[in-house]
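1. sequence and predicted structure below; questions after.
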Amino acid sequence: MSLATHREDYDALDEVDYRALSAPAVASLVAGVLSCTAFAGWIMGAIPLVGILLGVAALWRIGQQPESLTGARLAWTGITLSALFWASGAGWLAYEYAHEVPEGYTRITYAELQPEPGAAPDTVPTSARRLDGQRVFIKGFAYPGKQSKGIEEFILCRDKGTCCFGGPSPKLTDMIQIHLKNGLKLDHSLRVQKLAGTFRVETSAASDDLGRVLYHLDAEYLK
């Protein structure tokens, strides 16, 4: 048998045996590993969702082209990891949300502090006035001031977008002046701050960093 004949036989075997690894299967596995971030916040749940969709797409393509594609095991692993992290992450976040408010406090949001449609931007709505003197729990982000450690007073903002931290001052009704009590102190960071205390409305008060402030919280709880 000639050398040319041997080469033709090897080429034929390569054509029969070689199958490309499905790119969506690999991507699904990567997304499955990254799905552990689903514990960090609801928005991170998009990662396991993508992992599942990529895995399903990979399995469909492999099923359509079994002679040229491989990677079903990777796709199944990616789907399994994504589903497990998605379910466990959602369960943990739901549990945390249900138990994060200290006993004796009522959860409020910044939506309750916004003026009614058509009212002036500095108008305190009825929903906010009802909270005056109430013990409340709220989450937000600490506005970066002059001090970074051992902070006892700071502005809590609705979000950490460019409107607050990279451009003009935040909206008047998106700010709460925090007064930490009972020896509590804060080191500035970009993470969500959870606070509970007595809510006050003082339309004439002002802060050192941002001027006039409508809302205040005498905080006895910080996490």
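-> Done, it's in.

2. for residue 214, grab phi and psi.
-> The phi and psi values for residue 214, taken as degrees, to the nearest 10, are phi -90, psi -40.

3. what's the pLDDT at it?
-> Per-residue confidence for residue 214 comes out at a pLDDT of 93.

4. what sits against it?
-> Neighbouring residues of residue 214 by Cβ atoms under 8 Å, 6 or more residues apart in numbering: 113, 122, 124, 128, 172-173, 175, 201-203, 205. (C-beta placed from N, C-alpha, C; glycine too.)

5. list just the nearest of the residues you listed to residue 150.
-> Set against residue 150, the nearest of the contacts of residue 214 by Cβ to Cβ is residue 175 (21.4 Å).

6. out of everything not next to it in sequence, what's closest to the closest one?
-> residue 155 (5.2 Å; Cβ to Cβ, 6 or more residues apart in numbering).

7. now do residue 85
-> Per Cβ to Cβ, 6+ apart, closest to residue 85 is residue 35, 3.6 Å.

8. would you double-check that that neighbour falls in a helix?
-> Yes: assessed by DSSP: H, G, I helix; E, B strand; the rest coil, residue 35 belongs to a helix.

9. hang on, the earlier thing: can you say which of the contacts of residue 214 are buried?
-> The neighbour count (16 or more other Cβ atoms under 10 Å) marks 113, 124, 128, 172-173, 175, 201 as buried among those.

10. residue ranges of each domain in the chain, please.
-> The chain resolves into domains spanning 3-99, 106-222 when parsed by automatic domain parsing.

11. output the below-cut-off pLDDT ranges for the chain.
-> 1-17, 161-168, 205-210 (pLDDT under 70).

12. and the strands in it?
-> 20-21, 69-70, 106-107, 135-142, 153-157, 175-180, 193-201, 206-207, 211-212, 215-222 (DSSP state E).

13. tell me the strands beside the fifth one, with direction?
-> If I follow you right, that is strand 153-157. strand 135-142 (antiparallel), strand 175-180 (antiparallel) (DSSP bridges).
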